[in-house]
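> Make a model of this:
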Amino acid sequence: MWRRELSWASTLKLTTAQTETLKTINRWLRDTDGDTHRRAVIPMRERSLEIFGDEKRLDALTTSTLFAPGRLTLATLFTERIPPPLAYEHLGDGGTVLVIENSDTFATVSTLLAQDPARVGYVAFGGGHAFEASVTRIANLKGVTDIAYYGDLDDDGLTIPQRANASGTASGLPPIRPALGLYQLLLKQNIQGPAPKRVDPLAAQRRVSWLPEPLRHPAANILTTGNRLAQEATGTTLLQQDRSWRDDL
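Now for the predicted structure:
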């Protein structure tokens, strides 16, 4: 018999695997009933290991239909998702966090800004899709009033900041804006390489909508022709010689 927290399960046609999963959760809810120590809220992977013997099981389950509205929630399991760490360099007292997608460009920009950071207080390492979750860590940084992002000009590189923006603004952070000067310089270099696939024109318009109007058309053309621009094209030598990338930072 399902516990009240899982009463919704009795109205569904469940697969064998789903039934076994819910039975495991049902036992945990039964065994911890009234135990405030065991039901204290802990990180999701710790709870996953406790319930399933697999620290990543809940990662998969949270994207399944068992976590559809009105069904399982993390609160039911007394757990919370912990955002990954956000690596950063603290450069000064400025209110801008400049987030860089890739590690080499992060090192380059951090080094070049270290002596004259202007309004940049922090340079953070986005780490690709990890930033969609780690963005909330910015709330722990003091004095942040502005978040600028610079990534590859490709499907993923434009999707990441938009998803991160949704998470960040929901947490009370400032909107994530493009680091305009860096993207302008990247497009000016125009060192195109092949992307894994062409981006559909409608999808391309959604991707580039995050960019300022003057950059959208050339960026969309790159995506729809199956190409991409790697941010490493704005390397150390170029950024030393052309300081225009600092204008909006």
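
> mind listing the helices for the protein?
16-32, 44-52, 57-61, 103-114, 131-134, 155-170, 180-189, 201-208, 213-224, 236-241 (DSSP state H).

> Give the other helices and strands that the fourth one contacts.
Read it as helix 103-114. strand 96-100, strand 120-125, helix 236-241 (3 or more Cβ pairs under 8 Å, 6 or more residues apart in numbering; DSSP states H and E). The way it works is simple: take the backbone N, C-alpha and C, and place the C-beta from them, glycine included.

> Reformat these into a markdown table and put distance to Val109, mean neighbour count and mean pLDDT next to each item.
Output for those, formatted as a markdown table (distance: least, Cβ to Cβ, whole Å; neighbours: other Cβ atoms under 10 Å; pLDDT from 0 to 100):
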| stretch | distance to Val109 | mean neighbour count | mean pLDDT |
| --- | --- | --- | --- |
| strand 96-100 | 6 | 26 | 99 |
| strand 120-125 | 6 | 24 | 99 |
| helix 236-241 | 7 | 13 | 98 |
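
> got these as CSV, with distance to Thr108 columns?
Below are these laid out as CSV (distance: least, Cβ to Cβ, whole Å):
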stretch, distance to Thr108
strand 96-100, 8
strand 120-125, 10
helix 236-241, 5
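
> check contacts around Leu229.
152-154, 186-187, 189-193, 222 (Cβ atoms under 8 Å, 6 or more residues apart in numbering).

> and those, which are buried?
Neighbour counting with 16 or more other Cβ atoms under 10 Å marks 152-154, 186-187, 192, 222 as buried within those.

> Fine, thanks again, bye for now.
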